[in-house]
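[1] my questions are about this predicted structure, shown below with the sequence.
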Amino acid sequence: MSATDTGYEIERTREIISAAAKLLSTESLDPLPPDGDLQASNTGLKTTRQALLRALEGGAETTNEVSRVKATALVLGAVAAEADVKDALIQHCAQVALGVRDALATLRNAPSATILAERAPIEARQIGFRRALFSKIEQGTWMARSAFAIEDPEFGEEIVEIGRANPRRLNGPLLESEMVRRCTPMVVPDPQSNPRMHTEFVRYTGTTSYVAAPIMAWGVPIAMMHADRDVDSTVDEFDRHILGTYAEGLGMAIERAQLMERLHAVRSAATDYLAGVHAIADDFTADALGAAELSFELSTNSGKARAIGPLDERNERLTPREWDVLRNLASGKTNAQIATGLFVTEGTVKSHVKHILRKLGATNRTEAVARYHRLLAAAGPARAG
């Protein structure tokens with residue numbers, strides 16, 4: 001939710017806090033800072049309401065009835081404003097939750113786990129974060145993989161380079177070590193002064209608070225997500241939970257991407273295997289037909305053998321099936337059409353064509369067809385049908 005969307009509630013909060021502080025003549029009510037947001041408004045209104053109620057109950061001086069009336073009116077105004085602020089916060093949370101759904105829907109269709117890792121920090125902007133870092137966990141070591149910042153195009157490359165130059169083992173005092181061990185997201189409110197930080201990351205980003213979450217796949221932590229807002233904006237428990245939800249979805253998306261990669265690999269291997277089997281089968285079929293060549297048939301009267309096909313120019317007889325293929329070639333049919341007509345595979349037809357070219361001494365199909373016509377002319381009426 002933008003500042004424009006929440007400007008009215010925030011400005012109204014400032015007015016109520018200022019009026020209450022003036023009425024109670026107290027400095028205990030801190031004014032809302034210039035960069036105050038809905039969460040700060042909610043806290044400020046609650047504190048103001050409680051201070052006004054204490055005054056009305058006699059816990060603070062009220063000089064006259066007019067002051068009591070004003071205090072009562074301010075209490076009512078604070079309650080109404082607090083309700084509006086909470087409505088705005090609920091709407092904001094709902095929008096962020098929808099952002100998680102939209103981000104994960106985008107990543108769900110990533111064609112590979114590698115591309116998903118590249119896109120994960122970019123899509124974090126849909127859940128309100130302005131900077132994000134995706135890191136892999138390789139043999140217990142924190143390795144920066146990809147990063148993104150809305151208004152800093154060089155941020156990603158630079159922070160990843162810092163991470164690669166300064167890897168950290170996740171078995172020491174780092175807060176991330178504990179996070180990965182417990183498999184729960186965390187919020188870090190004081191990174192600049194906390195000794196359990198990745199020093200180089202904290203120094204480069206200048207972050208004042210950030211959230212992080214482990215990414216689980218197949219039951220083990222395989223990666224991490226870090227995110228924050230602007231340098232001068234803080235994150236809170238809601239951000240911790242929302243990043244945890246995002247990280248959980250990322251883990252499922254990674255599992256899906258890895259399954260799809262394995263499926264494609266199996267399909268490719270199966271296709272290659274079947275292609276090899278078909279090639280072997282086609283060659284075997286062609287060789288078997290050649291070995292079983294029916295060059296002669298018994299005469300019904302004399303029992304003597306009679307040729308059923310003319311000799312080719314190399315004194316090698318074409319098999320009946322090769323004559324069938326050659327006749328189809330001469331009629332201008334394609335391999336696919338010949339295969340359909342002869343009830344064989346296209347690979348078998350190709351094997352027959354190869355044998356025909358060899359036996360006829362032809363270099364291509366056109367030459368083979370020309371020699372076919374010469375053979376028919378030479379054979380005359382005695383040629384095989």
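    Received, thanks. On a predicted model such as this, the values are computed, not experimentally measured, just so you know.

[2] surely residue 335 and residue 351 touch.
    No: under the criterion of C-beta atoms under 8 Å, residue 335 is not in contact with residue 351, lying 10.5 Å apart. The C-beta positions use only the backbone N, C-alpha and C, and glycine is treated the same way.

[3] out of those two, which sits in the busier spot?
    Neighbours were counted for residue 335 and for residue 351 using other C-beta atoms under 10 Å; residue 351 has more, 24 against 19.

[4] and residue 267, how far is that from residue 113?
    17 Å (C-beta to C-beta, to the nearest Å).

[5] between those two, who's got more neighbours?
    More crowded of residue 267 and residue 113, by other C-beta under 10 Å: residue 113, with 20 against 10.

[6] got a list of what the closest residue to the more buried one other than its chain neighbours touches?
    Counting by C-beta to C-beta, 6 or more residues apart in numbering, residue 113 lies nearest to residue 257, which is 4.3 Å off, once chain neighbours are set aside. Counting by C-beta atoms under 8 Å, 6 or more residues apart in numbering, residue 257 makes contact with 110, 111, 112, 113, 115, 116.

[7] mind putting these into TSV with secondary structure, pLDDT and distance to residue 375?
    Shown next, in TSV, are those (DSSP: H, G, I helix; E, B strand; the rest coil; pLDDT from 0 to 100; distance: C-beta to C-beta, whole Å):
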residue	secondary structure	pLDDT	distance to residue 375
110	coil	88	61
111	coil	86	55
112	coil	90	57
113	helix	92	61
115	helix	94	60
116	helix	95	63
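
[8] what is the neighbour count of residue 243?
    When counting by other C-beta under 10 Å, one arrives at 27 neighbours for residue 243.

[9] my bad, should have said residue 6
    21.

[10] and it, that's in a strand?
    No: in this structure, residue 6 is helix, not part of a strand, as judged by DSSP: H, G, I helix; E, B strand; the rest coil.

[11] could you measure it against residue 136, distance?
    For residue 6 relative to residue 136 (C-beta to C-beta), the value is 37 Å.

[12] cool, and residue 144?
    For residue 144, the distance to residue 136 - C-beta to C-beta - is 8 Å.

[13] show me which of these two is the more surrounded one.
    The residue with more neighbours, out of residue 144 and residue 136, is residue 144; 24 against 16, by other C-beta under 10 Å.

[14] what sits against residue 82?
    Under the criterion of C-beta under 8 Å, 6+ apart, the contact list for residue 82 reads 42, 45, 46, 49.

[15] so, low pLDDT: which residues of the stretch 151-300 of the chain?
    Applying pLDDT under 70 to the stretch 151-300 of the chain flags residues 278-279, 281-300.

[16] okay, strands next: where are they in it?
    For the stretch 151-300 of the chain, the strands defined by DSSP state E, counting those that start in this stretch occupy 168-169, 186-188, 210-217, 220-228, 296-298.

[17] in the stretch 1-150 of the chain, which spans are helices?
    3-24, 38-54, 65-108, 113-123 (DSSP state H, counting those that start in this stretch).

[18] elements contacting the last one?
    Packing contacts for helix 113-123, counted by 3 or more C-beta pairs under 8 Å, 6 or more residues apart in numbering; DSSP states H and E, involve helix 65-108, strand 131-138, strand 141-149, strand 220-228, helix 237-291.

[19] mind putting these into a markdown table with distance to residue 15?
    As requested, the helices and strands packed on helix 113-123 are exported to a markdown table (distance: least, C-beta to C-beta, whole Å):
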| stretch | distance to residue 15 |
| --- | --- |
| helix 65-108 | 9 |
| strand 131-138 | 33 |
| strand 141-149 | 35 |
| strand 220-228 | 31 |
| helix 237-291 | 26 |
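
[20] who wins for proximity to residue 198 among these?
    Set against residue 198 and scored by C-beta to C-beta, the helices and strands packed on helix 113-123 come closest in strand 141-149, at 7.4 Å.

[21] please pick the buried ones from the contacts of residue 82.
    Neighbour counting with 16 or more other C-beta atoms under 10 Å marks 42, 45, 49 as buried within the contacts of residue 82.

[22] looking at these, which is nearest residue 183?
    Checking the buried ones among the contacts of residue 82 against residue 183 by C-beta to C-beta gives residue 42 as the nearest, at 30.9 Å.
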